[in-house]
Every structure is written in structure tokens, then in C-alpha cells.
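1. Quick one, fold the following:
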Amino acid sequence: MKVDSLVALSEKLKIKYILNEKMALHTSFKIGGAADIFLCPENKEQLAEILKTAKENGIPCTMLGKGCNLLVSDGGIEGAVITTLSMQQIILVNETVILAEAGATLADVCRFARDNSLTGLEFAYGIPATVGGALYMNAGAYGGDMSMVVKSAASIGKDFTPVYRKTNEMKLGYRQSIYEENGEVITAVVFDLEVGDKARITEDMETIMAKRKKSQPLEYPSAGSTFKRPEGYFAAALIDECGLKGHSVGDAEVSTKHAGFVINKGGATCNDVLSLIEDIKNTVKEKRGVELSTEVIHLGR
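-> Below is the predicted model of the structure:
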């Protein structure tokens, strides 16, 4: 695909870009072919200009944070991939409110909250996502999710102007938000927390991280939990009950440590992962009568 217009814009505005950049370098699965152009805007103004130029020239755009919930096709992604990772500012707005740009990591925001003796975000410590990505999918763990701590958010609308939404306008549900529907691009998130005890917050964060390390295969590339939680069940338990731990296709394997994770043992392709996911879904449906749906988002050509 011709991306000359985005190259010209990037050079004019001094936006970092890379042509034919492999997505395996930018996803936690370490899988994925090249994007036609990979762009790294440093602020919301540059981001808006990229989106506008791309639309005017018929270039599809894919937003990317840390790439921790994505499986990218071996053929790569057509058009532009835009990362928010250069937009990482975190500021204390008042005694209990934090504003974080979309590319800030949840881990950094959790540490910032801890250092300012603010509680409420402990559940998110260890979720390997950016703030924007976490809100987009209403990420959660250990009994908490983004809907419980987000006060408002800023985004770029379809007409490339700023949009501001309060939490009750975001349609935040289990692993879903309005941003999946409306095409707006999140640029910043405001968190409303509570004053707490720094030592207790630190202890809770360390406990949660220890649980993650003990129960999850963090030593291997993956996209985290592969499947959404089916109503009335736990996906990992169903997969384990079906004897699928260790089942593999190529270098894609159901983790022997946590059956809810499909891991990359080193050389897995996107097709390996997709085939393994299909095996798991079919087996669980056949043996337990439950339909599994993926939490991992598959992108690419």
C-alpha cells in the first residue's frame, strides 16, 4: 500500500516512523508480519494529524499500545500502525485524581498512585497494558476493573476533534467499551482514587505480582488470557478438565502452568496459534458443551 502521504507528514512534523516494521517486535506474543508504516506520535495533535491524513488518503489505521492482547497475522497489517507509547505523561491533578496519557503503562500509573499514597489501582499492577488499551477493553483482574477507577477520558473523534467522556458514557462492561464501537482514539484517562496507606498499598501490589508470577507463564511470550470467561464457568478450568494442558500446534502450546494461556514456545506462527485456539474451542464444546470466545484480538491480512 502507498503510504507516501504519511511519510511526508511525518517528515514535516518530525514524527518518528519506520517502513515495513515487523509487528513481532511490538506484541507480547512475539508474532506478526510487517506493517506498511509504523508511526510514533508524541502528542495528541500529531496523532490527530496522522489519523486525518490517513483517512484522506484511504490508508487503514491500527492503534497499538503494548500489543499485549493482540495476535497479528504472519502477513502483517495493511496500512499504518500507530503506537501511543511516546505519549506517557502522568500527572497528579489534585489530592486524589491522576491524569495519564494513553501510552503510559498501567504499571507506571500504579507506581505513581502508590508513591502518592493513592489506593484503588492495586488490582491493575501487573496487567501488561497501556492506559489507553486497558480502558478500550475495560481490563481487569483480582476483582477490579477499569470501570471502578476511571472518572473520565479524552479521545479523538471521527471528525478529528477532541471528545471528552465521563465513565457513564463509556458503556464499560466485561472486556468491552464504547471505544470498540465508535472508532474514537483514546488520548488520556483520568483516574479517581482514594487516599490510602503507602505501606499497605505497596504490600498489596507486591502480593498481586507474586500471585501472577506463581500462577501465570510469564516466562513465555503470550497475549495473556486467551479466552473470555464464559458465564458460570472459568475458561482455564474447562480447558484443564478437557486434558488440554500441554497440547500444541507447532510452537504454540496450552501452558502447563495455566490452561487459560496459549504461549509461544519460541517459533510459533499466527496460524499455529489460530489452529490451537480452534482445537481448544472444538474440544471444550464437544466435551463440556460450552462455547468459548477469544479475548485475544486477531489483526492483519
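2. Run the chain-centre distance for the helix or strand bottoming out on mean pLDDT in the chain.
-> The weakest-scoring helix or strand in the chain, judged by mean pLDDT, DSSP states H and E, is strand 140-141 (a mean of 89). On the basis of CA atoms, centre = their mean, to the nearest Å, strand 140-141 sits 12 Å off its chain's mean C-alpha point.
3. Neighbouring strands - and their directions - for it?
-> Using DSSP bridges, the strands paired with strand 140-141 are strand 144-145 (antiparallel).
4. Next secondary structure element downstream of the partner strand?
-> Next in sequence after strand 144-145, counting helices and strands by DSSP states H and E, comes strand 150-156.
5. Mind checking what helix or strand follows that next one in sequence?
-> Sequence-wise, the next helix or strand downstream of strand 150-156 (DSSP H and E) is strand 162-166.
6. And that next one, how far out from the chain middle?
-> How far strand 162-166 lies from its chain's middle: 20 Å, per CA atoms, centre = their mean.
7. picking up where we left off before, need the contact partners of the least confident helix or strand of the chain.
-> Applying CB atoms under 8 Å, 6 or more residues apart in numbering, the contact partners of strand 140-141 are 123-124, 126-127, 146, 175, 208. To be clear about C-beta, it is placed using only N, CA and C from the backbone, and glycine gets the same treatment.
8. Now do the buried residues in stretch 200-208.
-> Within stretch 200-208, the residues that count as buried by 16 or more other CB atoms under 10 Å are 201, 204-205, 208.
9. What of stretch 170-190?
-> Those would be 170-172, 175, 177, 179, 184-190, for stretch 170-190 by 16+ other CB under 10 Å.
10. The residues you listed in helices, which ones?
-> Here DSSP state H is the test, and the buried residues of stretch 170-190 give residue 179 as lying in helices.
11. so can I have JSON lines of the buried residues of stretch 170-190 showing pLDDT and distance to residue 116?
-> What follows is the buried residues of stretch 170-190, written out as JSON lines (pLDDT from 0 to 100; distance: CB to CB, whole Å):
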{"residue": "170", "pLDDT": "97", "distance to residue 116": "25"}
{"residue": "171", "pLDDT": "96", "distance to residue 116": "30"}
{"residue": "172", "pLDDT": "94", "distance to residue 116": "24"}
{"residue": "175", "pLDDT": "89", "distance to residue 116": "29"}
{"residue": "177", "pLDDT": "96", "distance to residue 116": "26"}
{"residue": "179", "pLDDT": "96", "distance to residue 116": "27"}
{"residue": "184", "pLDDT": "96", "distance to residue 116": "29"}
{"residue": "185", "pLDDT": "97", "distance to residue 116": "28"}
{"residue": "186", "pLDDT": "98", "distance to residue 116": "23"}
{"residue": "187", "pLDDT": "98", "distance to residue 116": "22"}
{"residue": "188", "pLDDT": "98", "distance to residue 116": "18"}
{"residue": "189", "pLDDT": "98", "distance to residue 116": "16"}
{"residue": "190", "pLDDT": "98", "distance to residue 116": "15"}
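12. What is the nearest of the buried residues of stretch 170-190 to residue 74?
-> Of all the buried residues of stretch 170-190, residue 74 sits closest to residue 175, with 25.5 Å by CB to CB.
13. For residue 251, see how far away that closest one is.
-> 27 Å (CB to CB, to the nearest Å).
14. which of the contacts of strand 140-141 lies closest to residue 278?
-> When the contacts of strand 140-141 are ranked by distance to residue 278 (CB to CB), residue 175 comes first, at 20.4 Å.
15. What's the local residue count around residue 194?
-> For residue 194, the count of nearby residues is 12 (other CB atoms under 10 Å).
16. which residues does it contact?
-> Applying CB under 8 Å, 6+ apart, the residues contacting residue 194 are 96, 118-120.
17. 6 Å instead, please
-> 119-120 (CB atoms under 6 Å, 6 or more residues apart in numbering).
18. go on, residue 134?
-> 106, 146.
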